[in-house]
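A.B. asks: Sharing a sequence plus its predicted fold:
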2 protein chains.
Amino acid sequence: MTDKKWVYLFSEVDQAEAYAGTWDGVRGLLGGKGANLGDMIRAGVPVPPGFTITTEACNAFQKTREFPEGMWDQVLAAVKALEEETGKKFGDPVNPMLVSVRSGSKFSMPGMMDTVLNLGLNEETAEGMIKITGNPGFVDDSYRRLVHMLGTVVLGIDDEYFEEPLEAYKAEKGYKLDIEMTADDWAEIIKTYLAVVKEHKGFDFPMDPYKQLEYAVKAVFDSWDSRRAIDYRRRENIPDDLGTAVNVQLMVFGNSGNNSGTGVAFTRNPQNGENEMYGEFLVNAQGEDVVAGIRNADPIAEMAQIWPEVYQQFFDITERLEHHYKEMQDVEFTVEDGKLWMLQTRNGKRTAKAAVKIAVDMVKEGLIDKVEAVKRVTPEQVDNLLHPQFSHEAIEQAHKDGRYFAKGVNASPGAAVGRIYFDPDTVQRKHQDEGQDVIMVRPFTKPDDVHGMLSAKGILTSEGGATSHAAVVARQFGVPCVVGASAIAIDAEKLQMVANGKTVKEGEWVSVDGTTGEVYVGQLELSQVDITEQKELMQLLSWADEISRLQVWANADYPADATRAREYGAKGIGLCRTEHMFFDVERLPDVQMMIMNAEETQRMLNSIEVLQHAYDTGKLEGRTLNEEEMAELKAEIEQETAKMRATPAAQAYFKALEIILPQQRGDFYGLFEAMDGLPVIIRLIDPPLHEFLPSMEELLVEVATMRAKGETEGLAEKENLLAVVQGLHESNPMMGLRGIRLGIVYPDIMKMQVRAIFEAACDAKLNGIDPHPEIMIPLTGIVTELEQVQPTLVQIAKDVMAEKGVQVDYQFGTMIEIPRACITAEEIAKYAEFFSFGTNDLTQMSFGYSRDDAERTFLAEYVEKGILPKNPFQTLDRKGVGALMKLAVEKGRSVRPDLTVGICGEHGGDPSSIEWCHLIGNNYVSCSPFRVPLARLATAHAQLKHG
Amino acid sequence: MTDKKWVYLFSEVDQAEAYAGTWDGVRGLLGGKGANLGDMIRAGVPVPPGFTITTEACNAFQKTREFPEGMWDQVLAAVKALEEETGKKFGDPVNPMLVSVRSGSKFSMPGMMDTVLNLGLNEETAEGMIKITGNPGFVDDSYRRLVHMLGTVVLGIDDEYFEEPLEAYKAEKGYKLDIEMTADDWAEIIKTYLAVVKEHKGFDFPMDPYKQLEYAVKAVFDSWDSRRAIDYRRRENIPDDLGTAVNVQLMVFGNSGNNSGTGVAFTRNPQNGENEMYGEFLVNAQGEDVVAGIRNADPIAEMAQIWPEVYQQFFDITERLEHHYKEMQDVEFTVEDGKLWMLQTRNGKRTAKAAVKIAVDMVKEGLIDKVEAVKRVTPEQVDNLLHPQFSHEAIEQAHKDGRYFAKGVNASPGAAVGRIYFDPDTVQRKHQDEGQDVIMVRPFTKPDDVHGMLSAKGILTSEGGATSHAAVVARQFGVPCVVGASAIAIDAEKLQMVANGKTVKEGEWVSVDGTTGEVYVGQLELSQVDITEQKELMQLLSWADEISRLQVWANADYPADATRAREYGAKGIGLCRTEHMFFDVERLPDVQMMIMNAEETQRMLNSIEVLQHAYDTGKLEGRTLNEEEMAELKAEIEQETAKMRATPAAQAYFKALEIILPQQRGDFYGLFEAMDGLPVIIRLIDPPLHEFLPSMEELLVEVATMRAKGETEGLAEKENLLAVVQGLHESNPMMGLRGIRLGIVYPDIMKMQVRAIFEAACDAKLNGIDPHPEIMIPLTGIVTELEQVQPTLVQIAKDVMAEKGVQVDYQFGTMIEIPRACITAEEIAKYAEFFSFGTNDLTQMSFGYSRDDAERTFLAEYVEKGILPKNPFQTLDRKGVGALMKLAVEKGRSVRPDLTVGICGEHGGDPSSIEWCHLIGNNYVSCSPFRVPLARLATAHAQLKHG
C-alpha cells in the first residue's frame, strides 16, 4: 500500500491533479473545498497553489492515531513542489514560504472544523520576511496570529489566555482596534503568547515549521470528531465515516497593508434570495477577522468604490462560478497588494425563503430546469416557511432589553405570542369566551389537556422532550411549542412561573419561539405567514406536484382543518379521528353516559341475539322449529327486548347514542362540504373506552380520602364511577379492547357512527355537494374480524342511502397497524377496499415499545448510544416496520391489484418515511395540514431519486 | 347433476357397491359406519342388507333444506332393491319390511347424532307382522318403540311425555321391567303415544312408511348440526363441513323372543387395555335398551353359556375384525331367532391407560409396529396419565353421598385433596410449617400469589377462565386447578365459601378434580401416578424418542423441577427464569433495595462513564489529551467514583447486588448439578422492575388514607416508596423497560447474573460436574442491542473462568419474541448463537393483544364467534405468529447455518404448536416438566406426519 496516493497538488502552473469533474467521488476524496479549488484552477481563476490531503488519510489516521504509511513523504514532496513553484522555501530564514491549513469534507460544515493560518513562521523566518517585505507590523501580526491559532486550535489552550493579555495591552495603550497595534506592540504580544504556551503546555511553542504542519494536520483530522462536528453531522444526516480532507495552501496576505484585504461574499442574498452580491470585506486583515467580527467589516459594495478593477474582476469570477455550478456561491477571497486571490468557493447556505426564491428565479433565468429547482429546496425548508416567526430584529432587541426568559427544546416550529395560563380549562375559556391569545404553560401535557392545547396559540412545558405528548400534539396541530424548558419552575399554586430570576404571572404576556426553543417575556413582533402569498413557494410546489407519483392527503378532524389542508394542496382527507369529537367538553358527558352503561346493556343484547339467531335460522339446537315454536320464540324475543329496553342501563345507553348521532352527522357534513369532490377517510372509534373516563388513580385517591374522612355525600356516585373505571382498566391498554375489537364487543357505537356518516353524506349530496366517504375500520389483525363487522356496517350504509333515496360513492377499508395484519394482508384485502398504515401503532407493536413509556425511559438513551439511528416514531424504521409495510402492500395487491394504500400516522409528514412510502408503492401519504406543503416536496424528491 | 350417485347399496347377495378399500375417501363419503358395513359384507360377515345415503347428500341438504335432485329417487330404487332381496315389501300390510335409520360420519361421534329403528310399522303393517310372526308382544313392542323414537328424535317432543305415561302404566300394573309388558299392555301404550304426538304436534303420527323414512333421514341430517354434535366436533377437532351419512338397513330383531338378543362389545378392555372380550348383552331386546341402561345387561361372557355356538361365531368374527383393522373393535350385534347379525364395527374408544397398553401389546403380538403404536396414542392421553386422579368409583360415591360442591373450568388436570385457605401467606405457612395438604381458594390469582400456589396441592378460583393467571401458572407447575367456579361465593371475612347450599370453612377438606372441573366436599380417594412405574408408557415414549427429530427440553427454575424434568425425559433446560428466584419472600427485600436505588446510582455511573470513555480513548471532544491532562482526568474519575460510592443510594444498590449474587450462584449450581452433562439455558432478568415492588394502586390508597387521617408515622417512607413506584410506572408495562432494555439502562443487574452463572458453572466443573450454561438475553428487537450488551457479558464470563482457572462450554443467545426480531433475524443471528422463541410475547405483539386484558375482555368472545379458531396463547397461530417464526428461522440460519432454535413458551407443550416447530425446523421445544412426556409423543407424531 506504499504507492497509495494520499496527496493531490493544485497550482496555476500545473493545473490540478484532481477536481470536481475528474471522476465520481472526487468530492468525497478531496472534500468540497479541495475539489472546488481544483475546479477554479482549471477555470483560470487566480487561486494560491497548494495541495489536498485526502479524506482517506483522515480515516486511516482516526483508526491508528498515526499518519498512514507514505502520507507524510507525499506531503514533504508536495511542499517541495510548492517551493519550486513559488521560489520560496518552507522554514527558510531568507525567503520563507508560509502556508495555511484548512479542513474540507465532502459536505460543507461551516465553522465546525479547524483552520490554522501562517504556518512556517518562527523567530528566524519572521526576521527573513521582515527583511523581504520591510513591513514588520504585518509580519508580527501574522506571527502572533499563528501562535494564537496553533495554541488554541492545535494545543487546546483556552482562548481567554490569549484574548485577555491582548485586551489588557490594548487597554493600557488606549487602543480600540487591532490595527492600531504597531510592530513593537505585536512583538510584545508574541512574547506573552509564547510564555502562555510554555506555561500551559510545559513545553516551548514548536518553532520547526514541519512540526507546526504536522500538528496542524493532525488537529484538522481530529476536529472531524469534535463534539460540535458530530452534533452537526447528526443534525444534517451526514455520515460519520466520510472524514475530512486537509488543504495546505500558500498563504496570501490580506494583512500586508492598505492595498490588501480579505472578504467573504454570496452571489445572491442568502436571507431573502434577491439576486444581488451580498457580503463583507475588510482592508488590511486576515480571513478570520471577518468571520470573528473583531472589526466591523464593510459591505462588499464598497469594494467597488475603493478597488473598482479588483471588484470587477471579482464580480466576473463569481458570476462565472455561479454559472459553472448553477448555484449561488459562497466565496472567500484575499487581495494581496492589489492582486485578487480566490481562496474558496462553495454552494452557499441560505434561509428557507432564499432557497425557494433562488430556485424559482434560476428557472426563470434559464439556469436550471423545474426538476432541478424542486431538488434544490428541502422539505424541511418548506416546513420552516409555514410557521409564523419572530423577525431577527425583534429577537435581537428582546435580548438587548433583557427579556430573554428561558430556552427549551424547539418542538413545533413557529412563533407565538400570548398570555400565559396554567390549566387547559382556563386556556379554553380565555380563548373562547374572551378571545385572548393564550400560551398554555404546563409541566407536561396529557390527552385530557388537548382542548386547552387546541385553544392555545403556543405551548410551553418545563418537562418532556421533542417527542413528548405536548410536542407531538403541537406539531400535529401546527401549534408552536417549546418543551422541556427545565429552567422554568412552574408554581401552580401561586399561578406563576419563574426562570433566570424573572417571574411571569398568570395572564401576563410571553413570546414563544418554537423554531429556536427560546422564550421571551412580553410581546415580540410576529411575521405572519400566508402560504398562498408566497408566490415562489406556490410555484415550486406546483412543479413538485407535476413530478410526484405519490399523492399528499391530510389528517383533519374538523372542517376548518380540512379547509386549510385543501388550501395547502391536500388531495383528500386520509384520517378523520371521530373520537376527537367525543372529547369536546359539551359532548363528553353523553359519551361517558354511553360508556358507563355499555357493558350491562350489551350483556342483555347478547342474550337476545342468541334467541334472534334461532328465530332467523328457524332452528334451535339443530332442530327445525315448527310454526307454534316460532311464534313462541318471537314472543319471547319481544318480551326480552322490552324488558331490556326498560332497564335504566339500556335507557341511558340508547339515549346517549341518540344524542351523539346527530352531533357526529353534523361533524361529517362539514367535512364533506370542505372536501367537496375529494375523498374523506373517516376512522371509526379507536381508543379504549376508559380514555373517555376520569383517571383511575385520581378516583382511587379521591374515594380513599372521602372514606378516611368519613365523607358520605357523593361517595356512592364516585364509588360507582370507580367501579366502572376499574372494570375497564387494562394493564396494557394500547393492546387492549379498542378499534375493531370494540366493534365486535360493543357493535352499536360503530353502527351509530356509520349511520351518521351516511346520513351526512346523503344530505350533502342532496345539497349539491359531491361527498366521497371512505370508512376506515381500525386495528384489524384477523380477516375474520372484518368478516364479522364490515357486512353489518355496509348494510347500514345501504339502508341509509335507501332511506334518503340517494346514492353516494363509498369504500370500506382498514388501518394496517397490527403486525399480524401485514403478515396476513392477502386475507384482509379480500374485505378491505383500501389499506392505511397506522405506523405509530405498527412501530409500537413491531418493536414492542409503548411509545409514551419508551420515550420517557429508554428511547433517548437508545438514540444517544447509537442503538437506534433515530427515534422510530419520528422516522420510520425501514428494516423492521418498513419491511412489514412492504410485505403488506405486496400481499394486499396480490389479491386486489387496485388496492389503494396510504399512511396516516405522524410518519406521513416525515420526508424519509415518505420516501419509503414511495418505494413500496403507496398511493398517498396523509399528514397534518401544516405538513402538507413539506410532504408535497418530499414526494417529488422521492420520485426524482427513485423514479 | 341428475346422474350424481347419492346412494350406495350393500347386501350379502350383491356384496357392497363401496367399502373402506374401494377408493380413497370412501370413509368420507359413506361415513365410518357405512364403509365398515361394506367391509364386513365383503369379508362374509353376516350383516343385514341396506344402503347408505352419502355425506354429500347431507351437505347439499344443509345448504338448501331440500334433498338434492335425484337423491330421493335413488332412495326409492334402493328400497326396491332391498325388497327384491328380502322378498318383503316396505309398507306392505301382508309381508312388511322394516328398516333402521342411523347416522354415520367419517369420524366416530358416539351418541352425538340420531337413530330411528323399526321404520315401516303402522296400524296395518303391524297387523301383517303379527300374522306372520304370531308374536303380537314383539310387534307391538317394536311399534311403540317407533312411535317413541320418531316422536322424540324426529318430531322434537320431549322424552318425558313418552316416559311418564309408560312409567305410570307399569306402576299401575305393578311391573318393574318393560319385558313384563304384554302385547295388550303395549297396544294401550301405543294408543297413548299416538295421542301424545297428536296433542303436541297438532297432527297425526305419520303412518305412511315413506313419510317416516323421509322424516328420519332429514332428522339424521339435521342432527349433524345439533349443539352436542357441534360441541363434540369442536372438542375433537373434527371439521364442520364433513356432514353425516345415513345408513338405512333391514331391521333384524333382538326383541323377537328369548332366542333373540342384542349386545355391544369391545375386543379388548377399554378401561385398562387387557386383551379380553368386554361387553354386555341382553336377551329379547333392541339395541337402545343396552345403551340406555333400561335393563341391567349381562356380561358378554355369559353369552358363551347360553348360546355357545353363536358366541363362538361372534368371537371368531370379532377376532377377524380386530386383525383386519389391526385395532381394538367396538361392535354392535343382534341375534334374531338364533342367527347372529353384525350391525356395526368401529375402532373402540378407550381410556388413556388402555390406549397405551393396547398399542404396546399389539406391537408385542406382532399386529402393528412401533411406529404404528406411537401413532395410536395421542399426546393428550399421555398428559392425562401423568396427573393423579380420582377413581371413577370415588366420584360416583361422592355424588351419591351428596358431596358434590361445584363445577368450574378444568384448568389444570389431575386431582387434589386438601384443606382450604384463602390467602397465599397462610397457604404457604400451613404447608411449610404444619405440613398440611392445602387447597388455595381465591376469587382469582395474581403474580403476588405464586408462593401460595406453589405450596398448594390444588387451586380453586371462582373467577377467570382456562387461560387466567391461576390456570396458566397451575398448568406450568402441574398443580391441579379449577377456575371460574362461579357458583362459589367466597367470603374472605368469614373465611368460608358457599355453593349449592353447602358451606366450607377455612381448614376444612375439599377435593378438586382438575381433569373434570368438579369440586367435592371432603376427601376423595386419589390414585397416584408414577410415570416410571408405567412400564408400557415408558416403552412407548422410548419408541417415540427413536422417531423424533425435534428434542424435548423443559422449563425449570429450581433444581427439583430440573430433576423431575430429567426423569420425565427432558434433554435439557430450555428456560430458567432467574427472576422467579427474586420473588422468594426472603430475597425480595434485597431485590427491592436494589431497585429503589438503581436509577439514582445509574445516573452517577453514567456521568463517570463519560469521563472513563475519554480516558480510555485518550481523547476529549476530539482532542488528544496529553499526559498531564490524562492524569487530571484519572484523578477526576477516582474522585467522582469515590463520591458516588459514598452516596446512600450507591451503597444500598451495590450492597443489594452483593447479597443477591451468591444466592443466584447457589440456584444455578443446583441446576447444573441436576442437569449434569445437559444444556441449561438461563434467561437473564426479564420483567419490568416495578413488578418487584408493591402495587401503585394500593400505595395510592394507603397514602391518601394516611394523609386524610393525618397519620404521620411511616408516611414519609410510604410516600418515598410511592414516588419510586410512580417513577417506574408504565402505561403499557408489557412493552416497557424490561429484558435487554434493562441490560442497557441498568447494566449491573445482568452483569451480576452472568457472574453468578459462571461462578456456579466453574465451581460445578471443579466438583466433577459437566455444566453447559447457555445465557439467554430476553426481548432483543435490534441487533445493536446485542452488540451493546453481549460483548460485556461475554467478557465477564471469560474473566470468571480465568479467575477460577477452569473453562466451561457456553453459548450466548437470545429470545425471539419481538416481531422486529423475526424480521431482522439475519442481523440478530450474527451475535446470537441460539434463538429461543418466546411465543407468548410474540403472540401478544403480533396480534396487539395484552394477554391478561384480552382474556378478560374479548378473547373468549372471539373464539366463541369463530373469529379465532382457538386461543392463540394456547395454540400457536400459524398464519401470523407462526409465519414470523418461520421467517426468523430461515433468516437466522442464512447467516448461521448451525443456529440452534427452540421455543420456551407455553406453546412448547401444545401438540399443534409442537408440530409447527417441527415444520419450521426447530431443534427443540421446551415446556413444563409435566408436559415433557406429552411433548415427546407429539414430536414423534410430527415427524411421522411430515417426515
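C.D. replies: Yep, it's here.

A.B. asks: what residue lies at the spatial centre of chain A?
C.D. replies: The centre of chain A sits closest to A:Glu380, judged by C-alpha atoms, centre = their mean, with a distance of 6.4 Å.

A.B. asks: got a list of what it touches?
C.D. replies: When contacts are counted by C-beta atoms under 8 Å, 6 or more residues apart in numbering or on different chains, A:Glu380 touches A:352, A:911, A:934. Every residue, glycine included, has its C-beta placed from N, CA and C.

A.B. asks: Against B:His613, how distant is it?
C.D. replies: For A:Glu380, the distance to B:His613 (C-beta to C-beta, to the nearest Å) stands at 32 Å.

A.B. asks: What of A:Leu842?
C.D. replies: Taking C-beta to C-beta, one finds A:Leu842 at 35 Å from B:His613.

A.B. asks: between those two, who's got more neighbours?
C.D. replies: Remark: of A:Leu842 and B:His613, A:Leu842 carries more neighbours, 30 against 11, as counted by other C-beta atoms under 10 Å in any protein chain shown.

A.B. asks: Now do the phi/psi pair for the more buried one.
C.D. replies: A:Leu842 adopts backbone torsions of phi -60, psi -40, taken as degrees, to the nearest 10.

A.B. asks: Do I have it right that it meets A:Pro819?
C.D. replies: Yes - here A:Leu842 reaches A:Pro819: they are 7.0 Å apart, a contact under C-beta atoms under 8 Å.

A.B. asks: anything in contact with each of the two?
C.D. replies: With C-beta under 8 Å, 6+ apart, A:Leu842 and A:Pro819 have common neighbours A:Leu884.

A.B. asks: For stretch A:134-144, which outside residues touch it?
C.D. replies: A:98, A:117-118, A:121, A:126, A:129-130, A:133, A:178, A:181-183, A:186-187, A:189-190, A:193, A:251, A:253, A:255-257, A:286.

A.B. asks: do that again at 6 Å, thanks
C.D. replies: Residues outside stretch A:134-144 that contact it (C-beta atoms under 6 Å, 6 or more residues apart in numbering or on different chains): A:118, A:121, A:126, A:129-130, A:183, A:186-187, A:189-190, A:255-256.

A.B. asks: Can you select the buried ones from those residues in PyMOL?
C.D. replies: Of those, the buried ones go into a single PyMOL selection, burial set by 16 or more other C-beta atoms under 10 Å in any protein chain shown:
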select buried, chain A and resi 118+121+126+129+130+186+187+189+190+255+256
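
A.B. asks: which among the contacts of stretch A:134-144 gets closest to chain B?
C.D. replies: Within those, the smallest distance to chain B is 21.1 Å, found for A:Asn118 (C-beta to the nearest C-beta).

A.B. asks: Now the closest one: closest residue in space, sequence neighbours ignored.
C.D. replies: Leaving out its chain neighbours, the residue that sits closest to A:Asn118 by C-beta to C-beta, 6 or more residues apart in numbering or on different chains is A:Leu146, at 4.0 Å.

A.B. asks: Can you give me the neighbour number for that neighbour?
C.D. replies: That count, for A:Leu146 with other C-beta under 10 Å as the rule, works out to 24.

A.B. asks: helix or strand for it, which one?
C.D. replies: For A:Leu146, the host element (DSSP states H and E) is helix A:136-149.

A.B. asks: residues of that helix that come out buried?
C.D. replies: A:136-149.

A.B. asks: Could you export those as CSV, including pLDDT?
C.D. replies: Output for the buried residues of helix A:136-149, formatted as CSV (pLDDT from 0 to 100):
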residue, pLDDT
A:Pro136, 92
A:Gly137, 90
A:Phe138, 91
A:Val139, 94
A:Asp140, 93
A:Asp141, 92
A:Ser142, 93
A:Tyr143, 95
A:Arg144, 94
A:Arg145, 93
A:Leu146, 95
A:Val147, 95
A:His148, 93
A:Met149, 91
